[in-house]
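Visitor: next comes the sequence, and after it the predicted model I'd like to discuss.
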Amino acid sequence: MKSIVVRRSLLALSLVAVIAGCSKEPAAPSTDTAAASAAQTAGALPEGWQRVVGVDVPDIEGATQQLPAQVTSDDGVATTVTDTSKIIAGGDDIIAVLEALGLDDQVYAAPLRSATASGRKAPQQFLFNRTTGVEGVLSLQGTLFLGNSLRRHSDLAAKLRGAGEAAVIVDDLQPAADKVRKVAAAVGMAEQGDALATKVQSQLDAAKASGAALAWHPRVIHVSATGAGGAPTVAGSDSASGKLITLAGGINIGDEAGVANYSALSNEGVVAAAPDVILVTENDLALFGGQAGLWRAYPTLRQTPAGAANRVWVMPDVELKSASVASGSGAVALAAAFATVPRP
């Protein structure tokens, strides 16, 4: 028990050092090498690395929409949606639900560097953040704005409504099943959304049971190429991935450190965290610049138990980084993978 307390203290102190600017931070990933690493990310992984991928992401086929749809946005505004032919989607979590509902062709504008197929092929690519201007979104001439963050999109949604454009927010900080239901209801497919959400929740429950039955619980660090002004980050307790790791039976090191959302962690903090597993998503691996870029961004990862064992797992972004329709499938796969980690 004493060693656990010491480990947590070291990790917390390392985080304080980062915030105070008194400790060396990991190097920011090079965007110049991201494109070159895309082939590696999509194809063969470095020797010893492993893909963890869910095999049963639920979807609906042949369903029809019922419009207009009357819904209450997460910012409390009652909204009537009459046209979803050109959806401006605020994030991959939203797009993943639309794909599962068979509405791929209605994703008209998506965030830059989208991890979903529909997002990448959307006619318009756009930067969505807290400072996104209403004029820029209106210029896209969409028919519905589906935001995914009360923090980033509330003001924008209010201004869009004032200009006559329908806007609904489904906040990212809520359970995956709830999010699936709300997105589906906003596009006139509430019944289908209930069916999808039920499947997702069933998968999450199964993963939770498997995680609870593990003989031991490996320590996990989920590293991201973005989240702290472009610097590499680790997943905190309120992130979708942090919650998924815990549900599947892992110990998320961001929880122990009290990290919020995605926050920078010093090289010393990485060593103190002593993860048994390194998790990275496909998109982030490309942004890091592949294997070399990941080690360059977090050189001390190699000094951890996970680094020494070369235990790096790569997951689809929508199965780890977003609470959405693929979360249950990702959680089941992650719990099964945790069961294979040898106890130290």
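Guide: Structure received.

Visitor: quick one, strands of the stretch 151-300 of the chain?
Guide: In the stretch 151-300 of the chain, the segments counted as strands under DSSP state E, counting those that start in this stretch are 166-169, 219-228, 231-235, 251-252, 262-263, 277-281.

Visitor: per-residue confidence at the closest residue to A157 other than its chain neighbours?
Guide: Nearest in space to A157, with sequence neighbours left out and distances taken as C-beta to C-beta, 6 or more residues apart in numbering, is A167 at 3.9 Å. (Each C-beta comes from the backbone N, C-alpha and C, glycine too.) pLDDT, A167: 98.

Visitor: residues contacting A167?
Guide: For A167, the contact set (C-beta atoms under 8 Å, 6 or more residues apart in numbering) comprises S73, T79, L144, F145, L146, G147, L156, A157, A158, L160, R161.

Visitor: of all those, which comes closest to S118?
Guide: L146 (12.6 Å; C-beta to C-beta).

Visitor: and the closest one, bridged to which residues?
Guide: Bridge pairing for L146 (DSSP bridges) gives the partners A89, V168.

Visitor: quick check: domain ranges of this structure?
Guide: As assigned by automatic domain parsing, the chain contains the domains 2-56+206-338, 69-188.

Visitor: tabulate those in JSON lines, adding columns for distance to A63.
Guide: What follows is those, written out as JSON lines (distance: least, C-beta to C-beta, whole Å):
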{"stretch": "domain 2-56+206-338", "distance to A63": "14"}
{"stretch": "domain 69-188", "distance to A63": "7"}
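
Visitor: worst average pLDDT in these?
Guide: domain 2-56+206-338 (a mean of 80).

Visitor: surely S324 touches D178?
Guide: No. Counting by C-beta atoms under 8 Å, D178 is not a contact partner of S324; they are 10.8 Å apart.

Visitor: show me which of these two is the more surrounded one.
Guide: More crowded of S324 and D178, by other C-beta atoms under 10 Å: S324, with 31 against 16.

Visitor: which SS state does the more buried one fall under?
Guide: coil (DSSP: H, G, I helix; E, B strand; the rest coil).

Visitor: how about it, what does it touch?
Guide: So S324 contacts D92, D93, I94, A96, V97, A176, K179, V180, V318 (C-beta under 8 Å, 6+ apart).

Visitor: can you give me the distance of the fourth one to A264?
Guide: The reference is to A96. Distance of A96 to A264, computed by C-beta to C-beta, to the nearest Å: 27 Å.

Visitor: picking up where we left off before, will you turn the contacts of A167 into TSV that also has distance to L112?
Guide: Below are these laid out as TSV (distance: C-beta to C-beta, whole Å):
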residue	distance to L112
S73	24
T79	26
L144	20
F145	16
L146	17
G147	16
L156	16
A157	20
A158	24
L160	20
R161	24
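
Visitor: tell me which of these is nearest to V332?
Guide: Once C-beta to C-beta is applied, the member of those that ends up nearest V332 is L146, at 26.9 Å.

Visitor: so that closest one touches D172, yeah?
Guide: No. Using C-beta under 8 Å, L146 makes no contact with D172, being 11.8 Å away.

Visitor: okay, the two: which has more neighbours?
Guide: L146 (29 against 23).

Visitor: more neighbours: A96 and A264, which one.
Guide: A96 (32 against 20).

Visitor: same for the host helix or strand of that one, what does it pack against?
Guide: Using DSSP states H and E, A96 maps to helix 92-100. Judged by 3 or more C-beta pairs under 8 Å, 6 or more residues apart in numbering; DSSP states H and E, helix 92-100 is in contact with strand 87-89, strand 107-111, helix 117-120, helix 176-186, helix 190-212, helix 317-320.

Visitor: can you do 7 Å?
Guide: When contacts are defined as 3 or more C-beta pairs under 7 Å, 6 or more residues apart in numbering; DSSP states H and E, helix 92-100 sits against strand 87-89, strand 107-111, helix 117-120, helix 176-186, helix 317-320.
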